[in-house]
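Student: Build me a model from this:
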Amino acid sequence: MDNFVVEVKGVSKVYGKTIKTVALHELNLGFKTGSFNAIIGESGSGKSTLLNIIGTLDRPTKGEVIINGVSTRNMSKGRLADLRNETLGFVFQFHYLLPEFTALENVLMPYRVAHGKADKESQKRAREILNLVGLEKVENNLATNMSGGQQQRTAIARALMNKPKIILADEPTGNLDSQTTDSIYQLFRKINQELGTTFVIITHDRRVAEKADRIVEILDGRVSLDIIK
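Tutor: Reported below is the predicted structural model:
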């Protein structure tokens, strides 16, 4: 039996009622625990829609998403929010850091959402993660006083705070130069290997995709290519 941490089964997504736009056509995909995956495709291919559905930020029109062996089909909004905070970490093209908070405070935010005040143990964990991503020297810097690469690393550290099983990344290096892009992907690999975190990364950059163990290409809402190295 395949050890999938997340599966999409027969997932379709249709937008509009009068004029219907089909974004995804009955997709079936499973991602194994600890795997490192890239999803590629042109703009408008449906790849970001797929990521949003995998991340339970959007619901499919048809089909279901199964996370950790549990179907999310009939979950309430509150249960889905808990599931996201407990199981999923998100990294976007835009880091969405809170500018009035330090790097450390931004990293602690998912813990505070789940538990309220950050205790000593959670602060220790946040510092360990900042160390993991190479930001121990700027933990007290405001988000606005960090470089683009440092801001994205802070966003990655924040995504790791609640020990997610899965990191979903949507064009995470889209705003970064090639050197910083390489360092971010090396960091993803380090996290994948050391923590066993599953990665599903959306990218339009084939050079980036080639660093993954599996490449899934989405074309017009369908899987056109699925290569496992």
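
Student: how about the helices in the chain?
Tutor: Along the chain, counting by DSSP state H, helices occupy 47-54, 77-87, 103-115, 120-132, 148-160, 178-195, 206-209.

Student: Check which helices and strands the second one sits against.
Tutor: Helix 77-87 makes packing contacts with helix 103-115 when contacts are defined by 3 or more Cβ pairs under 8 Å, 6 or more residues apart in numbering; DSSP states H and E. In this view, the C-beta of every residue, glycine as well, is placed from N, C-alpha and C.

Student: same for the helix it packs on, what does it pack against?
Tutor: Other elements packing on helix 103-115 under the criterion 3+ Cβ pairs under 8 Å, 6+ apart are helix 77-87, helix 120-132, helix 148-160.

Student: quick one: buried residues of the helix or strand bottoming out on mean pLDDT in the chain?
Tutor: Taking mean pLDDT, DSSP states H and E as the measure, helix 206-209 is the helix or strand of the chain with the lowest mean score, a mean of 78. Of all the residues in helix 206-209, those buried under the rule 16 or more other Cβ atoms under 10 Å are 208-209.

Student: related to what we said a few turns ago, and of the helices of the chain, who's closest to Ile166?
Tutor: Shortest separation from Ile166 across those is recorded for helix 77-87, at 6.5 Å, computed as Cβ to Cβ.

Student: Of all the residues in that closest one, which ones are buried?
Tutor: With burial defined by 16+ other Cβ under 10 Å, the residues of helix 77-87 counted as buried are 80, 83-85, 87.

Student: same question, stretch 155-166
Tutor: Counting neighbours by 16+ other Cβ under 10 Å, one finds that the buried residues in stretch 155-166 are 155-162, 164-166.

Student: just stretch 29-45 next, same as before
Tutor: Buried residues in stretch 29-45, counting neighbours by 16+ other Cβ under 10 Å, are found at 29, 31-32, 34-41, 45.

Student: re earlier: show me the two of the buried residues of stretch 155-166 that sit farthest apart.
Tutor: Pairwise distances across these (Cβ to Cβ) peak at 18.3 Å, for the pair Ala155 and Lys165.

Student: possible to save the helices and strands packed on helix 103-115 as TSV with distance to His25?
Tutor: Conversion of these to TSV gives the following (distance: least, Cβ to Cβ, whole Å):
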stretch	distance to His25
helix 77-87	24
helix 120-132	38
helix 148-160	30
